[in-house]
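Peer 1: sequence unknown, structure follows:
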């Protein structure tokens, strides 16, 4: 008996697995596995979501006009060059489908965000992963991987799960030396957490070129991961393409009003950024004091390197037994590492205490 079969490349895709939220047999858990905002949903957004229930029978504004206007005001951008989606993942998929496809290659760094490979393969492209240097995207290697078939390049900056970042000068050089027919997509999901002075999320390059896109999200510092809301800033021609192919109502009523309210929450971003600037170094220092290598990070997480897959797995099990959930990154080619989100102060302290006890026990 014959059955319907997908395109062969679809079956090569490993499904994306999100961070776990619960553990069997444990009532209270500390979830540090999904890089969610430490302070949850902004109060104004919570109220907006409750009020949206009364309008849930209505179709949402297909163009997300009010939200695009609010985003434009926040960052000084032209709303006509903004497209919203059900998370930035939605827009990444659409970019791969529109500009990728059979015979069109996509380039990304070796440990870049997994959705680039999934969406690119789904579109029918060949996805080329380029080796990194010290877990950081290598501009020269990325450029060397480009061929006449290349049509898209993805750069997560800062990168998930490594936390590494390229300076504005390095990203500018990447764009300048990249063939003009290659669309450079700069994924700036963690932009709000960056405090380095040499960082630029991509706005300037989008303004200066016709072949660069910046994607952003409300899932991190704005605390709306469960709402699925992201956006991109792009040249007019790319905006036109995305508006032709995206789902007509791809952002829900609740997501739109929640995002507008989150943008208006006084001091919310500053609160999240300041907390992260204080507690990410404390998390890193605590792990290093316990004898664990920590890679430099500009996001709201750190990458803890245990040296071997066996030790990383044992540490993960040890934490899980104590109700602490972190993220294994074997699927990113880093089986010897665990990614740990910067949570509330007491959550960070619990993670440090747990891993300190684990390492002490290994030595003992």
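Peer 2: Structure's in. What do you need? Please read these numbers as outputs of a predicted model, since none were measured by experiment.
Peer 1: so where do the strands sit in the stretch 201-350 of the chain?
Peer 2: 212-217, 230-233, 293-295, 301-305, 324-325, 327-329, 334-341 (DSSP state E, counting those that start in this stretch).
Peer 1: can you list the buried residues in stretch 19-34?
Peer 2: 19, 23, 29-34 (16 or more other C-beta atoms under 10 Å). All C-beta atoms are positioned from the backbone trio N, CA, C, and that covers glycine.
Peer 1: and the residues you listed, which two are the farthest apart?
Peer 2: 23 and 34 (14.2 Å; C-beta to C-beta).
Peer 1: relative to residue 351, how far out is the closest residue to residue 268 other than its chain neighbours?
Peer 2: Closest residue in space to residue 268, ignoring its immediate chain neighbours: residue 42 at 5.1 Å, by C-beta to C-beta, 6 or more residues apart in numbering. Remark: distance between residue 42 and residue 351 (C-beta to C-beta, to the nearest Å) = 25 Å.
Peer 1: with residue 110 instead?
Peer 2: Taken as C-beta to C-beta, the span from residue 110 to residue 351 is 27 Å.
Peer 1: of those two, who's got more company?
Peer 2: residue 351 (27 against 17; other C-beta atoms under 10 Å).
Peer 1: just give me how far the longest helix along the chain sits from the chain centre.
Peer 2: Among all segments of the chain classified by DSSP state H, the helix with the greatest residue count is helix 268-289. On the basis of C-alpha atoms, centre = their mean, to the nearest Å, helix 268-289 sits 18 Å off its chain's mean C-alpha point.
Peer 1: now the angle from that helix to strand 334-341?
Peer 2: Inter-element angle recorded for helix 268-289 and strand 334-341: 130 degrees (by axes from the mean of the first three to the mean of the last three C-alpha atoms, to 10 degrees).
Peer 1: my read: residue 61 touches residue 257, true?
Peer 2: No: applying C-beta atoms under 8 Å, one finds residue 61 not in contact with residue 257, separated by 10.2 Å.
Peer 1: so between the two, which is more surrounded?
Peer 2: Neighbour totals were compared for residue 61 and residue 257, and residue 257 leads with 22 against 15 (other C-beta under 10 Å).
Peer 1: okay, the more buried one: pLDDT?
Peer 2: Per-residue pLDDT puts residue 257 at 98.
Peer 1: correct me, but the residue nearest to residue 268 touches residue 222?
Peer 2: Yes: look at residue 42 against residue 222 with C-beta under 8 Å: they come within range, at 7.0 Å.
Peer 1: hey, what's in contact with both of the two?
Peer 2: 262, 268 (C-beta atoms under 8 Å, 6 or more residues apart in numbering).
Peer 1: which neighbouring elements make contact with the longest helix of the chain?
Peer 2: strand 293-295, strand 301-305, helix 345-363 (3 or more C-beta pairs under 8 Å, 6 or more residues apart in numbering; DSSP states H and E).
Peer 1: got the ones you listed as CSV, with mean pLDDT and distance to residue 3 columns?
Peer 2: Below are these laid out as CSV (pLDDT from 0 to 100; distance: least, C-beta to C-beta, whole Å):
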stretch, mean pLDDT, distance to residue 3
strand 293-295, 98, 45
strand 301-305, 98, 42
helix 345-363, 96, 47
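Peer 1: for residue 127, which of those is the nearest?
Peer 2: Across the helices and strands packed on helix 268-289, closest to residue 127 is strand 301-305 (C-beta to C-beta), at 22.3 Å.
Peer 1: quick one: the helices in the stretch 1-150 of the chain?
Peer 2: In the stretch 1-150 of the chain, the helices defined using DSSP state H, counting those that start in this stretch lie at 43-52, 65-75, 88-99, 114-123, 139-144.
Peer 1: how long is stretch 225-244 end to end?
Peer 2: One end of stretch 225-244 to the other measures 26 Å (C-alpha to C-alpha, to the nearest Å).
Peer 1: to the chain's geometric centre, what's the distance from that stretch?
Peer 2: 15 Å.
Peer 1: remind me which residues of the stretch 201-350 of the chain are low pLDDT?
Peer 2: In the predicted model, the stretch 201-350 of the chain carries no residue with pLDDT under 70.
Peer 1: and the protein, what are its domains?
Peer 2: Using automatic domain parsing, the domain ranges for the chain come out as 9-40+268-363, 43-264.
Peer 1: so who does residue 153 touch?
Peer 2: Counted by C-beta under 8 Å, 6+ apart, residue 153 has contacts 106-108, 142, 146, 178, 182-185.
Peer 1: can you do 10 Å?
Peer 2: Applying C-beta atoms under 10 Å, 6 or more residues apart in numbering, we find residue 153 in contact with 105-109, 116, 128, 130, 142-143, 145-146, 174-175, 178-179, 182-186, 212.
Peer 1: strands paired with the helix or strand that contains it, and their directions?
Peer 2: Taking DSSP states H and E as the definition, one finds residue 153 inside strand 150-156. Strand pairing for strand 150-156, determined by DSSP bridges: strand 105-109 (parallel), strand 183-187 (parallel).
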